[in-house]
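# have a look; sequence and predicted model below, questions after that.
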Amino acid sequence: MKQDPNCIFCKIIAGDIPSTRVYEDDDTIAFLDIGPLVKGHTLVIPKDHHESLADTPDELLARIMSASRKVAAAMKAGLGASGINIHQANGASAGQVVPHIHFHVVPRHDGDGHHWNWSAGEYGSIEEMSATAEKIKAGF
């Protein structure tokens, strides 16, 4: 198993730091976030250390997503959640605090008080939108 001795999530996997686990399989663990957006907010992580989406093997990423789906279903059944948010950040500028890939699975209930502060922007023109798409395509 690939581990980083300085990673807080690797320490949780090893049992060196306590966690409240809600799910575990051969490749992943899921545990309650200690600073939940909503009670039940769970982090799903691979047992192997990978920092970001880009360096996580496709097969492992599929298993992390499968575990996230199982946690989401359990939240609906066990907590009576009427919705689920799944969030994943890559890099400090995107809000990633722990450099170990993880998915936030957040149960949602009508009136739970949490709101995503999303202010939609816009492109100045269809040409700007097309130029941006071309830059992304050039990255493949």
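Received it, and whenever you're ready, just let me know what you need. Quick caveat: nothing in here was measured; it's all calculated off a predicted structure. Numbers count the residues shown, from 1 in each chain.
# how close does Gly111 get to Ser125?
Gly111 sits 40 Å away from Ser125, going by Cβ to Cβ, to the nearest Å. Where you see a C-beta, it was placed from the backbone N, CA and C, and this is true even at glycine.
# geometrically speaking, which residue is the centre of this structure?
Phe103 (1.4 Å; Cα atoms, centre = their mean).
# could you tell me what pLDDT the model assigned to that one?
pLDDT recorded at Phe103 is 98.
# just read off the phi/psi values of it.
For Phe103, the backbone dihedrals (degrees, to the nearest 10) come out as phi -110, psi 130.
# what bridges to it?
Val44 (DSSP bridges).
# quick one, what contacts it?
Leu43, Val44, Ile45, Ile64, Met65, Ser68, Ile86, His87, Gln88 (Cβ atoms under 8 Å, 6 or more residues apart in numbering).
# can you report how many residues lie near the first one?
Counted by other Cβ atoms under 10 Å, the residues lying close to Leu43 total 23.
# now do Ile126
Neighbourhood size, Ile126 [other Cβ under 10 Å]: 8.
# the contacts of Phe103 into TSV, with extra columns for distance to Ala77?
Below are those laid out as TSV (distance: Cβ to Cβ, whole Å):
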residue	distance to Ala77
Leu43	19
Val44	17
Ile45	22
Ile64	21
Met65	19
Ser68	15
Ile86	17
His87	21
Gln88	23
